[in-house]
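Student: Need a 3D model of the sequence below.
(2 chains)
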Amino acid sequence: MITKDNYQQSIKPYQPKPKLVQNCIKAFVVGGLICVVGQGLTILYMELFGFTAKEAGNPTITTLILIAAILTGFGVYDKLGQFAGAGSAVPVTGFANSIASAALEHKSEGLVLGVATNMFKLAGSVIVFGTVAAYIVGLIRFTAQTLLGS
Amino acid sequence: MIMDFVWAFIVGGSICVIGQLLLDIFKLTPAHVMSLFVVSGAVLDGFSLYDRLIEFAGAGATVPITSFGHSLLHGAMAQAEEHGFLGIAIGIFQLTSAGIASAILFGFIVAVIFKPKG
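Tutor: Prediction:
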């Protein structure tokens, strides 16, 4: 009798084992380097335009998104993704990559039904869960602040 | 200045390692990991913890997708101070609008210009 559970068990020996330590090192180095680029951009915007660290946040993120979108166009970011796993998916560049690659993938179906409709296929979940979570946390926190009068 | 880069590397890299562990050990998809991280960022910011991480790690905390959740809540709270409960919805995209708008714009332009690979 094959159930879902013992099927999972029986195919286990044939599944490739993820190289855990190796994957984590790759993710650490690539993710860390993307953040170092971000840090460099932040300092650049602070020095060049006199932004505060907080104000430099948006131009930094925007620049990283532009770089990631272009690299996705050349197919470089997706290769990086295969190598780095979460190292390239977790930074905001991964968010930009998921939008650009979904848009590019469906180009053949046209600009409206292909590109625009599928653009948020992967990134949509981030926006949906981010908004719902921020809304709920915001409600709780604002209620607490109002009640406690702080 | 050098230490800013070092901490950005270590903290940013560590957040990515947590993501990699979720992928490899708990077999989550990248979409699940990203969603979980955004929610975590919003929850951490609810306790004002994420700002401390940003002060300490700079881009190591602002570049990972967790900062998206933090920015959503920050914008919401800023408007809530002014307009009460309605402000939460008014302000929620205020700080993240640059990121979302540029991701849509650049994503669209790239899709128009480039040919799909493979």
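Student: Now do the helix or strand hosting A:Ile136, average pLDDT.
Tutor: Taking DSSP states H and E as the criterion, A:Ile136 maps to helix A:123-148. Averaged over helix A:123-148, pLDDT sits at 95.
Student: swap in stretch A:52-61?
Tutor: So the average pLDDT for stretch A:52-61 ends up being 92.
Student: ok, and what's touching it?
Tutor: Applying C-beta atoms under 8 Å, 6 or more residues apart in numbering or on different chains, the contact partners of stretch A:52-61 are A:38, A:41-43, A:45-46, A:51, A:92, B:58-59, B:62-63, B:95, B:98-99, B:102. Where C-beta positions appear, they are placed from N, C-alpha and C, glycine not excepted.
Student: Mind checking if the lengthiest helix in chain B is in reach of chain A?
Tutor: Taking DSSP state H as the criterion, chain B has its longest helix at helix B:2-24. Yes. Contact of helix B:2-24 with chain A (C-beta under 8 Å from any C-beta of the partner chain) involves B:4-5, B:8-24.
Student: Narrow these to just the buried residues.
Tutor: B:4-5, B:8-9, B:11-24 (16 or more other C-beta atoms under 10 Å in any protein chain shown).
Student: just for chain B, where's the confidence low?
Tutor: Judged by pLDDT under 70, chain B has its weakly predicted residues at B:118.
Student: whoops, chain A was the one
Tutor: Residues of chain A that meet the criterion pLDDT under 70 lie in A:1, A:17-18, A:150.
Student: got the CA positions of stretch A:90-101 in CSV?
Tutor: Provided in CSV are the C-alpha atoms of stretch A:90-101 (Å, rounded to 0.1, in the frame of the first residue of the first chain):
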residue,chain,number,x,y,z
VAL,A,90,16.6,37.1,-0.5
PRO,A,91,18.1,40.6,-1.3
VAL,A,92,15.8,43.1,-3.0
THR,A,93,17.6,42.3,-6.3
GLY,A,94,15.8,38.9,-6.2
PHE,A,95,12.5,40.7,-6.0
ALA,A,96,13.4,42.7,-9.1
ASN,A,97,14.7,39.6,-10.8
SER,A,98,11.4,37.7,-10.1
ILE,A,99,9.4,40.6,-11.8
ALA,A,100,11.7,41.0,-14.7
SER,A,101,12.1,37.3,-15.4
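Student: C-terminal to the helix or strand containing A:Gly32, which secondary structure element comes first?
Tutor: Element membership for A:Gly32 (DSSP H and E) is helix A:20-49. Per DSSP H and E, the first helix or strand lying C-terminal to helix A:20-49 is helix A:57-73.
Student: Now do that following helix against helix A:20-49, angle only.
Tutor: If you take axes from the mean of the first three to the mean of the last three C-alpha atoms, to 10 degrees, helix A:57-73 sits at 130 degrees to helix A:20-49.
Student: what's the next secondary structure element after helix A:57-73?
Tutor: Per DSSP H and E, the first helix or strand lying C-terminal to helix A:57-73 is helix A:76-84.
Student: Please tell me how far that next one is from the chain's geometric centre.
Tutor: Relative to its chain's centre, helix A:76-84 lies at 13 Å (C-alpha atoms, centre = their mean, to the nearest Å).
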